[in-house]
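K.L.:
this one's structure only:
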């Protein structure tokens, strides 16, 4: 039997999710073979993951973005009565998952006289319908202008 060194114990302990005692026992089981000890612990699902997602810059930025989006609400209402009010993060998620259904729902909401507002945590809102009304008005004017031009021919 090979003599087990503190360096071997530290290596196994630092690579796996075990304490000094367990690292020493595993090394004794495999006659001081560090590689075999680590492979055994890996089979036992005791190896620490090399991926630390929670501490990455990407994860921190994503978490910050979701936090900010949760402070913004999408509200659909009619005659001052709220029909739906959800955080922007959920609205984006629903839009990604079910874009056709969300698009149809929004069109139906607009044609049935519902209003859509994006509101921050201070209560300041941005009316989507006002912008849609401007676009619709320009489209109608363009159609009239085109029709008049065609009729002149």
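P.N.:
Yes, it's here. Small disclaimer: the values here were computed from a predicted structure and weren't measured.
K.L.:
poorly predicted segments of this protein, please.
P.N.:
Judged by pLDDT under 70, the chain has its weakly predicted residues at 1, 48-55.
K.L.:
quick one: the strands in it?
P.N.:
73-78, 81-87, 115-119, 125-127 (DSSP state E).
K.L.:
can you say which of these is nearest to residue 56?
P.N.:
With CB to CB as the criterion, residue 56 lies closest to strand 81-87 of the strands of the chain, at 23.9 Å. For the C-beta atoms, the positions are set from N, CA and C on the backbone; glycine is no exception.
K.L.:
pull the longest helix from this protein.
P.N.:
The single longest helix within the chain, with elements called by DSSP state H, is helix 128-152.
K.L.:
format the strands of the chain as CSV; extra columns: mean neighbour count.
P.N.:
Putting these into CSV (neighbours: other CB atoms under 10 Å) gives the following:
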stretch, mean neighbour count
strand 73-78, 17
strand 81-87, 12
strand 115-119, 17
strand 125-127, 13
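K.L.:
export these to CSV and tack on distance to residue 62?
P.N.:
What follows is the strands of the chain, written out as CSV (distance: least, CB to CB, whole Å):
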stretch, distance to residue 62
strand 73-78, 20
strand 81-87, 15
strand 115-119, 21
strand 125-127, 24
